[in-house]
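**Q** kindly return the folded structure for what I paste below:
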Amino acid sequence: MSSRDKFLNGGAYCRTVFQAINKTALAAGTGDATEVDCAWVDRMLDNVGMALSAKLVITYTAALETGETLSFAGNFQDASALAGTGAADYSTAFAAAVVATGDSGGSTETGTYEVDVDLAGAREFIRAQITPNLSRGATDTCEWSASLVLFGDHRQPSTQATYSLGNANSI
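**A** Numbers count the residues shown, from 1 in each chain. The predicted model follows:
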C-alpha cells in the first residue's frame, strides 16, 4: 500500500478501544472532582502487534451557567495483566484543562477533549484515569464518555473495521 493510500485511509492504521461510557457529574456533587478508573485494555492485537501510541478522546456535553467551566485532568496507568495486576502510573499526568465555558445566560456545551500518549515504554495493559471538574458550587451537570485510539502496531493495517467506505482498497 502506498503512502497516499495510508493518508486517504488513515482509519485502517488505528483501532479504538473502550474506556468509559455514560459517566455523569453534578457540580459539587456526585462524580464532580472524582477520579474515574477507566477500563483496562490490551494493547496487543492478534496477528498485528502492540500499539505504541494512543489518543484519549473524551466526548462531553455539559449544562453550564454563565462563565462557569468544565475541566478534565487525568493520567494513564499500565499493568502486567488485564485485571490490573501490578498497576502503576505511567507517564506524566495531564493537568486540568478547561474544555468548556458557559455562555451568557447559561448554555449547553458539547465537544471533545484529546490527550496524546507515547506508549512505547508501557506494559501491555493500559487504562486512563479521568477526573472531571465543574467549577460551579451546584446545578451544573456533565455527561461524558471516553475511548482510546491506538496507533503504531508493528504490522499494518490494524483496524478492526468491517468495511472501508469510499476507498477502492478493501481492509
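
**Q** give me the number of residues near the closest residue to Ala87 other than its chain neighbours?
**A** In space, and not counting its chain neighbours, Ala87 is closest to Ala79: 4.5 Å by C-beta to C-beta, 6 or more residues apart in numbering. Placement of C-beta: from N, CA and C, glycine included. By the measure other C-beta atoms under 10 Å, the count of residues near Ala79 is 19.

**Q** and for Gly84?
**A** For Gly84, using other C-beta under 10 Å, the count is 15.

**Q** hang on, it is in a strand, isn't it?
**A** No: counting by DSSP: H, G, I helix; E, B strand; the rest coil, Gly84 is not part of a strand but coil.

**Q** check contacts around it.
**A** Going by C-beta atoms under 8 Å, 6 or more residues apart in numbering, Gly84 touches Trp40, Gln77, Phe125, Arg127.

**Q** for those, pick the one with the most neighbours.
**A** Counting by other C-beta under 10 Å, top hit in the contacts of Gly84: Arg127 with 23 neighbours.

**Q** name the helix or strand for it, please.
**A** strand 125-134 (DSSP states H and E).

**Q** no further queries at this time; thank you.
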